[in-house]
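Participant: I'd like to go over a predicted model; first the sequence, then the structure.
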Amino acid sequence: MIGTIIAKKKIYAAYEFLNKRDVHSFISAWDDDAIFVFPGTIRASGSVKGKKAIETWFHNFCSQFPEIHFKVKRICAERLFDMIGTNVLTAIWDIILVNKDRNTIHNSGVTVITLKRGKVIHAQDYIFNTGKEFNAIWGE
């Protein structure tokens with residue numbers, strides 16, 4: 001249970017790091033061989049493998065969006081009584097993004113995060129709106 005409580009606090013903190021555009025602190029909880037999967041059909045979509053590549057992806061995300069406002073609504077854990085930081089957590093969130101052209105989008109999503117010994121080994125986003133508005137805010 002202690003592992004689950006710590007993991008949930010770290011996930012909340014990770015989204016705050018993104019809100020502050022602190023990619024260095026955000027990426028510190030990722031394993032060197034982690035995988036991040038982003039939905040849609042834009043250039044940023046697909047699987048990103050390795051901590052360095054994921055860090056680059058999030059730097060590009062922050063460059064694309066000068067204003068990022070995640071609001072985590074809930075975090076659920078697969079194993080409530082995890083003690084060692086190996087678990088699957090689901091973060092349910094809302095987001096407001098403002099791009100370089102000052103265009104804004106409100107969206108919602110879920111991120112499924114797999115942890116092994118306290119490090120993110122896999123994270124996959126599921127985003128509610130990946131249509132025309134989503135593509136446009138990304139400049140596509």
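Facilitator: Received, thanks.
Participant: buried ones in the worst-scoring helix or strand of the chain on mean pLDDT?
Facilitator: Least confident helix or strand of the chain, by mean pLDDT, DSSP states H and E, is helix 2-19 with a mean of 91. Buried residues in helix 2-19, counted by 16 or more other CB atoms under 10 Å: 3, 4, 7, 8, 10, 11, 14, 15, 17, 18, 19. Glycine gets a C-beta too; all of them are placed from N, C-alpha and C.
Participant: and what of stretch 49-56?
Facilitator: Buried residues in stretch 49-56 (16+ other CB under 10 Å): 51, 54, 55.
Participant: helices - which of those land there?
Facilitator: 51, 54, 55 (DSSP state H).
Participant: residue 109: which of the residues you listed is nearest?
Facilitator: Among these, residue 54 lies closest to residue 109 (CB to CB), at 17.2 Å.
Participant: which ones are touching the closest one?
Facilitator: By CB atoms under 8 Å, 6 or more residues apart in numbering, the contact set of residue 54 is 27, 30, 34, 36, 48.
Participant: so who does the residue lying closest to residue 46 once chain neighbours are set aside touch?
Facilitator: Leaving aside its sequence neighbours, residue 46 sits nearest to residue 38 (CB to CB, 6 or more residues apart in numbering; 6.6 Å). Under the criterion of CB under 8 Å, 6+ apart, the neighbours of residue 38 are 44, 45, 46, 48, 57, 125.
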